[in-house]
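Participant: Sharing a sequence plus its predicted fold:
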Amino acid sequence: MGAPPTEKPMRADARRNYERIVTAAQQAFAEQGPDAPLEEIARRAGVGIGTLYRHFPNRETLIEAVYRSSIEQLSQRAHELLEEHSPATAFEYWLREQVQWVMDNRVLATTLKAGMDHNTPTFQLCRTAIVGAAATLLQAAQDAGAIRTDIEPRDLLRFGHGIGVACETTPDAAERLIAVTLDGLRTAPAADGH
């Protein structure tokens, strides 16, 4: 989780408070949506409301920080999965994680994007991170011969977004749609039948 890129480095205690607030806000927003009470977020983080406001002068800046943090986490997962698994398996796992991310964060993302200029540093940072993660996974899977070469990184993001939005109210359908999508993306049918 990073502080806004344009600010000077924080003291260690301020950094811990910042990260605890963002983590608490992620949980509260996931449970209650972007209108979760800021007082409750401060309580969950173990800080006073004044500390929350010192880091985040309004709800929008907190939503922006939570969104940026969650995009950074999802992007980092791409690299972790590639270190732990074959390119094909990492690709599949990340697509599943991306779909789950969309289902869990769509309301927050929609709220943020509705009020955010797409040329802001945060929006650009998030776009660069997520497209870079998708590109890294896709290139590795394509180089391994596991995924079709006519797919682009943004296509992978579109697939995940589309499935996530389509299954937001019917999450049980997500795995079936992911399996069908993966079958269409593979260069050859999987030997294990899925």
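Facilitator: Arrived safely, thanks for sending.

Participant: What is the helix or strand where I178 lies packed up against?
Facilitator: I178 is located in helix 174-185, with elements delineated by DSSP states H and E. For helix 174-185, the packing partners by 3 or more CB pairs under 8 Å, 6 or more residues apart in numbering; DSSP states H and E come out as helix 87-115, helix 153-166. All C-beta atoms are positioned from the backbone trio N, CA, C, and that covers glycine.

Participant: name the helices or strands packed onto the longest one?
Facilitator: In terms of contact count using 3+ CB pairs under 8 Å, 6+ apart, helix 87-115 is assigned the packing partners helix 12-32, helix 59-84, helix 121-143, helix 153-166, helix 174-185.

Participant: Give the rounded mean pLDDT of the longest one.
Facilitator: Right, helix 59-84. Across helix 59-84, pLDDT averages out at 93.

Participant: Check the shortest one too.
Facilitator: Model confidence over helix 174-185, given as mean pLDDT, is 96.

Participant: which non-adjacent residue is nearest A30?
Facilitator: Nearest non-adjacent residue to A30, counting by CB to CB, 6 or more residues apart in numbering: D104, 5.9 Å away.

Participant: Tell me if I'm right that the one you found and G33 touch.
Facilitator: No: if you go by CB atoms under 8 Å, D104 and G33 don't touch, sitting 11.4 Å apart.

Participant: Looking at the two, which has the bigger crowd around it?
Facilitator: Neighbour count, other CB atoms under 10 Å: between D104 and G33, D104 has more, with 17 against 11.

Participant: what's the distance between that one and L156?
Facilitator: Computed as CB to CB, to the nearest Å, the D104 to L156 distance reads 18 Å.

Participant: now E92
Facilitator: The gap separating E92 from L156 is 11 Å, by CB to CB.

Participant: Same question for E83.
Facilitator: Per CB to CB, E83 is found 19 Å from L156.

Participant: And the two? Which one has more around it.
Facilitator: Neighbours were counted for E83 and for L156 using other CB under 10 Å; L156 has more, 25 against 7.

Participant: ok, now how distant is the more buried one from E40?
Facilitator: From L156 to E40 the distance is 36 Å (CB to CB).

Participant: E92 too?
Facilitator: Per CB to CB, E92 is found 37 Å from E40.

Participant: Which one's more surrounded, those two?
Facilitator: Higher neighbour count among E92 and E40: E92, with 25 against 14, using other CB under 10 Å.

Participant: Spatially nearest residue to the more buried one, not counting backbone neighbours?
Facilitator: Take E92 and drop its neighbours on the chain: the residue closest to it by CB to CB, 6+ apart is L182, 5.8 Å away.

Participant: Give me the neighbour count for that neighbour.
Facilitator: Per other CB under 10 Å, the neighbour tally for L182 reads 19.

Participant: Name all residues that make contact with Q26.
Facilitator: By CB atoms under 8 Å, 6 or more residues apart in numbering, Q26 lies in contact with 66, 69-70.

Participant: hang on, the earlier thing: just the buried positions in the helix holding I178, please.
Facilitator: In terms of neighbour count (16 or more other CB atoms under 10 Å), helix 174-185 has its buried residues at 174, 177-178, 181-182, 185.
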